[in-house]
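Enquirer: Coordinates only, no sequence provided:
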């Protein structure tokens with residue numbers, strides 16, 4: 001079994017803030033490395049400490065304002081390859097927002113299955129042994145890998161806690177809404193956890209990327225409508241859904257999304273929309289988005305990822321994290337200008353205190 005000293009956390013350039021939060025949760029310094037873009041456009045990666053026989057975790061994410069998705073993916077591959085030939089014992093990619101997750105099937109003639117290509121690049125090309133991701137857009141992507149993939153890490157428990165703590169008794173007058181039929185399972189799960197009603201939109205399209213109309217199934221009259229989705233990209237669907245919800249009698253509209261991509265004109269669309277708040281996680285950097293729109297709120301999921309890393313390192317089960325918020329010593333390790341991290345009401349496991357005494361690598365600040 002690995003020791004605490006054998007665990008190392010490194011970061012690409014796509015989300016160093018999240019990597020730092022994860023390392024702080026684990027009581028570790030962030031590993032020393034550098035990534036330089038050469039005049040030719042090529043990347044040069046260097047690690048400034050020994051990784052021989054270490055259990056190494058690389059934090060990277062897609063759709064970051066800091067680093068383009070293709071650049072972040074290439075960084076991850078080069079970092080993993082460098083670690084492999086430097087004799088790291090195990091290499092894990094911590095990728096909260098998985099790149100090309102929406103290109104998971106051949107949905108038209110001569111279309112690529114890019115998510116499968118990415119899986120091959122990470123495993124067969126770069127030599128990655130394990131992948132940790134969150135709210136994977138399509139479950140079948142797990143089958144593209146021949147290595148363990150912890151895809152069932154969900155932001156849902158943290159989001160549920162956020163709603164309970166920020167809405168209080170008002171949550172009894174809310175309804176959970178899926179903006180499309182594809183997200184019905186996710187939204188209905190949250191509705192069941194909160195003991196709330198559930199509604200969804202059925203979308204009819206004239207052609208790709210052009211919605212002909214949206215039909216609401218369910219009652220939202222006089223209620224706070226909470227839209228649930230795994231990602232918000234251009235925000236067009238969410239904005240249109242909010243308009244229809246208010247037209248159908250909803251009192252106000254919130255949107256709760258795991259991955260806030262917010263590309264293109266998303267800020268303008270969001271500012272002009274009827275959405276009161278868009279709550280996203282920090283799976284993607286949100287500092288620029290929060291500056292561009294006062295409606296954007298950010299919640300921290302670093303405690304979930306840090307606990308997944310800890311459990312993976314010590315060979316413990318990760319399945320408890322699928323439905324529970326991990327125990328932490330502090331409400332938040334972030335400052336006032338960083339993401340809100342809800343305080344869990346219960347420990348993940350009843351023997352968590354014993355676990356913390358047994359393992360020196362305990363979550364905390």
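Expert: Everything's here; your move. The structure presented is a predicted model; accordingly, all values stated were derived computationally and were not measured.

Enquirer: mind listing what's buried in the longest helix belonging to the chain?
Expert: Looking across the chain with DSSP state H, the single longest helix is helix 69-85. Counting neighbours by 16 or more other C-beta atoms under 10 Å, one finds that the buried residues in helix 69-85 are 69, 71-84. Heads up, the C-betas are built off the backbone N, CA and C, glycines and all.

Enquirer: Show me which pair in those residues is furthest apart.
Expert: 69 and 84 (22.6 Å; C-beta to C-beta).

Enquirer: Now do the helix or strand following the longest helix of the chain against helix 69-85, angle only.
Expert: Counting by DSSP states H and E, the element after helix 69-85 in chain order, helix or strand, is strand 90-95. Relative orientation of strand 90-95 versus helix 69-85 (axes from the mean of the first three to the mean of the last three C-alpha atoms, to 10 degrees): 170 degrees.

Enquirer: What strands line up against strand 90-95, and which way round?
Expert: strand 55-59 (parallel), strand 130-134 (parallel) (DSSP bridges).

Enquirer: Among the ones you listed, which one carries the weakest average confidence?
Expert: Ranked by mean pLDDT, the strands paired with strand 90-95 bottom out at strand 130-134, with a mean of 92.

Enquirer: Show me what that strand is in contact with.
Expert: Taking contacts as C-beta atoms under 8 Å, 6 or more residues apart in numbering, the residues outside strand 130-134 that touch it are 57, 90-98, 122, 145, 147-151, 153-155, 258, 281, 283, 301, 304-305, 308-309, 312.

Enquirer: sorry, back to before: now the strands paired with strand 90-95 in JSON lines, please, with extra columns for distance to residue 229 and mean neighbour count.
Expert: Listed next are those as JSON lines, based on distance: least, C-beta to C-beta, whole Å; neighbours: other C-beta atoms under 10 Å:
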{"stretch": "strand 55-59", "distance to residue 229": "24", "mean neighbour count": "25"}
{"stretch": "strand 130-134", "distance to residue 229": "14", "mean neighbour count": "22"}
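
Enquirer: would JSON lines of the ones you listed with distance to residue 191 be doable?
Expert: As requested, those are exported to JSON lines (distance: least, C-beta to C-beta, whole Å):
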{"stretch": "strand 55-59", "distance to residue 191": "32"}
{"stretch": "strand 130-134", "distance to residue 191": "21"}
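
Enquirer: Among those strands, single out whichever gets nearest to residue 107.
Expert: Of these, nearest to residue 107 by C-beta to C-beta is strand 130-134, at 21.7 Å.

Enquirer: how far does that closest one sit from the chain's center?
Expert: How far strand 130-134 lies from its chain's middle: 10 Å, per C-alpha atoms, centre = their mean, to the nearest Å.

Enquirer: Would you check that my belief about residue 163 contacting residue 226 is correct?
Expert: Yes: Residue 163 is within contact range of residue 226, at 7.2 Å (criterion: C-beta atoms under 8 Å).

Enquirer: Give the intersection of the neighbour lists for the two.
Expert: 174, 256.

Enquirer: of these two, who's got more company?
Expert: residue 226 (28 against 23; other C-beta atoms under 10 Å).

Enquirer: Let me know whether that one touches residue 179 as I believe.
Expert: No: Residue 226 lies out of contact with residue 179 (C-beta under 8 Å); the separation is 11.1 Å.

Enquirer: what residues go with each domain of the protein?
Expert: 4-155+301-358, 168-298 (automatic domain parsing).

Enquirer: mean pLDDT lowest for which of the ones you listed?
Expert: domain 4-155+301-358 (a mean of 82).

Enquirer: Would you mind stating the distance between the nearest residue to residue 103 once chain neighbours are set aside and residue 258?
Expert: In this structure, residue 103 finds its nearest non-sequential neighbour in residue 114, 3.9 Å apart by C-beta to C-beta, 6 or more residues apart in numbering. For residue 114, the distance to residue 258 equals 20 Å [C-beta to C-beta, to the nearest Å].
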